[in-house]
Every structure is written in C-alpha cells, then in structure tokens.
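Undergrad: No letters, just coordinates:
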Ligand SMILES: N[C@@H](CCC[C@H](N)C(=O)O)C(=O)O
C-alpha cells in the first residue's frame with residue numbers, strides 16, 4: 001500500500017503528516033513505528049493524522065502517534081504543523097480552525113508573520129487527572145503549586161505534575177545543558193507513580209519571562225522541542241512564583257512563546273510550523 005505524506009517540523013520537533021481524508025489509513029503500531037524509524041523509515045518524533053471530524057462544531061479530528069507506535073492524547077507543536085498542513089493543502093480556507101483530539105478541542109490560528117498560535121485549553125492541575133499517584137507522598141507547597149518528591153536514579157527530584165491533555169512532570173534545574181536528561185528522563189517517564197507514563201521536563205529559569213527547556217518525551221525520547229512540555233513548564237513556573245506570562249521558551253531546536261492567565265484559563269502556544277518535503281512510501 002502506498003501512502004502520501006508530508007514531513008514537517010515545529011522548532012525541530014519533527015512530524016510525518018498524513019491526510020486520512022483523501023486516502024485510506026489504517027496502520028498497526030508496528031507500521032507507525034516503521035514510518036517513524038530514522039533508518040528504516042521516513043523518521044519523525046510523531047506522526048500526525050488528519051481526519052474528518054466526528055463531532056459537530058469542529059473542523060477536523062487530529063490523531064497523534066509517538067515514534068514508538070503508541071497513540072497519545074495531545075501534541076502542541078504538532079497542532080501548529082496540523083494547521084499549516086490543512087491550510088497549505090487547501091483542506092481549510094480559514095485562518096482559525098477547531099480540532100478535536102483524544103482529550104478535548106484545541107484551536108490553532110495562522111498568524112500574519114507565518115507562525116501559528118494554538119489555544120491548547122486549560123491545564124489540569126489535579127494529580128489524579130495527570131494521572132499521578134501521590135498516595136502516601138508529602139508534597140511541598142511552593143507558591144500555589146505542590147511539588148512532589150520522587151526518588152529516581154539514586155536521588156530525590158521535586159516534580160510539578162501538569163496535564164495538557166497529555167501528562168507532564170517538570171523539574172527546575174540550575175543548568176539545562178548539564179541536566180541528566182538522558183538518564184533521569186527515562187526513569188521518570190516509566191516511574192510507577194505515572195500509570196500512563198509521563199513526559200519529563202527540565203526547566204532552567206533565565207528570568208521571569210524566559211526559560212530554557214529540554215523534554216524527554218514519553219514514547220519518543222528527548223526531542224528538540226515539545227509544545228505541550230513548554231506549556232506545562234510555564235504553567236508550573238507561574239504557579240511556583242518563578243515566572244510571569246508571557247514566557248519565551250528556548251528549546252534546542254528553536255523558540256516557542258507561551259501565555260497563560262492562570263487556573264481555568266487556556267494556555268496559548270506560539271511558534272513556527274515548517275514543511276520540509278513531501279513524498280510517497282510503500283508501507
Ligand atoms: N511533541 C509533542 C508531544 C507529543 C506527545 C508526547 N510525546 C506524549 O506522549 O504525550 C508536543 O509538541 O507537545
């Protein structure tokens with residue numbers, strides 16, 4: 001079977017985008033994995049699938065697969081690529097669209113400067129919604145946030161837990177370049193206190209409107225940028241009293257911008273969405 005695809009990225013977080021409106025797409029986890037494989041496939045952190053909506057009042061349905069083949073709830077950088085894709089392909093003539101995901105509706109908007117801003121919805125801050133099992137743990141109150149002490153890799157790390165539809169655990173580090181992302185990342189990702197696994201963020205606060213961030217993503221490893229990870233880090237930083245909105249997030253692959261007015265309010269994620277090439281692959 002031949003599959004048409006577009007390769008895109010948002011600040012270096014790279015995607016294979018597939019139009020499942022005009023072609024039949026029904027792949028197994030093994031086939032998603034093969035497409036995302038950087039040696040035997042096209043290569044990507046995530047695969048994004050564009051489908052017809054299933055509910056009233058939305059324009060599209062958006063499905064997301066990590067490079068390990070698992071389907072997940074949300075992808076912020078992918079949402080920007082999604083909006084650029086449906087516009088470039090003429091699937092939508094609107095600058096603002098509403099897109100249903102596994103966990104709620106998000107609303108990307110194409111900006112005049114070529115960037116895309118996404119209303120990612122309100123973060124979920126209750127540990128049970130992440131989900132995070134805090135039973136028997138004594139959390140530390142920091143500002144309006146509770147950080148949870150978790151023993152991982154022979155030390156105790158203090159984590160803010162946030163759901164942006166998908167699960168995030170954010171820690172503050174002195175220097176993001178020397179942070180043990182490759183070792184602590186997988187240990188946090190698979191910690192039994194996170195029953196659905198978790199994306200592990202390492203945030204260095206530069207000033208109240210600027211952070212540096214690395215994210216070890218669930219099901220994909222460290223990526224050059226993580227949109228929902230940037231949202232979660234800024235939400236955690238604001239709640240801990242370390243940051244004020246808006247915040248510039250420097251990731252290894254580029255810069256994102258996050259704005260958040262506080263609990264119950266949506267998080268806005270802005271940044272680039274770039275097409276790299278198009279192709280067709282036998283799968
Ligand atoms: N790169 C993404 C997040 C993709 C999903 C994540 N790895 C998960 O498993 O939740 C982003 O930009 O948000």
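TA: Looks like it arrived, so ask away. This one's a predicted model, so the numbers in the text were calculated from it and none came from an experiment.
Undergrad: residues from the stretch 1-150 of the chain in reach of the ligand?
TA: 13, 45, 46, 66, 72, 75, 76, 77, 78 (Cβ under 6 Å from any ligand atom). In this view, the C-beta of every residue, glycine as well, is placed from N, C-alpha and C.
Undergrad: Okay, and the beta partners of the third one?
TA: Legend: beta-bridge partners of residue 46 under DSSP bridges are residue 15, residue 66.
Undergrad: ranges for the strands of the stretch 151-283 of the chain?
TA: Assigned by DSSP state E, counting those that start in this stretch, the stretch 151-283 of the chain shows strands spanning 155-163, 167-172, 199-207, 210-217, 221-223, 247-251, 254-260, 267-271, 274-282.
Undergrad: and the fourth one with strand 167-172, angle?
TA: Using axes from the mean of the first three to the mean of the last three Cα atoms, to 10 degrees, the inter-axis angle of strand 210-217 relative to strand 167-172 is 130 degrees.
Undergrad: Export the strands of the stretch 151-283 of the chain as TSV, with columns for mean pLDDT.
TA: Output for those, formatted as TSV (pLDDT from 0 to 100):
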stretch	mean pLDDT
strand 155-163	97
strand 167-172	98
strand 199-207	98
strand 210-217	99
strand 221-223	98
strand 247-251	99
strand 254-260	98
strand 267-271	98
strand 274-282	98
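Undergrad: residue ranges with poor pLDDT in the stretch 51-200 of the chain?
TA: In the predicted model, the stretch 51-200 of the chain carries no residue with pLDDT under 70.
Undergrad: try it again with 90
TA: Within the stretch 51-200 of the chain, the set of residues satisfying pLDDT under 90 comprises 153.
Undergrad: Please, where are all the helices along the stretch 51-200 of the chain?
TA: Assigned helices in the stretch 51-200 of the chain, in chain order: 76-88, 181-189 (criterion: DSSP state H, counting those that start in this stretch).
Undergrad: list the helices and strands the last one packs on?
TA: For helix 181-189, the helices and strands in contact under the criterion 3 or more Cβ pairs under 8 Å, 6 or more residues apart in numbering; DSSP states H and E are strand 145-152, strand 155-163, strand 199-207, strand 210-217, strand 221-223.
Undergrad: so of those strands, which one's packed in deepest?
TA: Of all the helices and strands packed on helix 181-189, strand 210-217 has the most neighbours on average by mean count of other Cβ atoms under 10 Å, namely a mean of 24.
Undergrad: Neighbouring strands of that one in the sheet, and parallel or not?
TA: By DSSP bridges, strand 210-217 pairs with strand 199-207 (antiparallel), strand 221-223 (antiparallel), strand 247-251 (parallel).
Undergrad: any idea how far it is from the chain center?
TA: 11 Å (Cα atoms, centre = their mean, to the nearest Å).
Undergrad: Is it possible to get CSV of the strands paired with strand 210-217 that adds distance to the ligand?
TA: Listed next are the strands paired with strand 210-217 as CSV, based on distance: least, Cβ to the nearest ligand atom, whole Å:
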stretch, distance to the ligand
strand 199-207, 5
strand 221-223, 6
strand 247-251, 10
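Undergrad: how about those strands in TSV, adding distance to residue 146?
TA: Shown next, in TSV, are these (distance: least, Cβ to Cβ, whole Å):
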stretch	distance to residue 146
strand 199-207	16
strand 221-223	26
strand 247-251	21
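Undergrad: Let me know which of these is the nearest to residue 57.
TA: Distance to residue 57, taken as Cβ to Cβ, is lowest for strand 199-207 among the strands paired with strand 210-217, at 29.0 Å.
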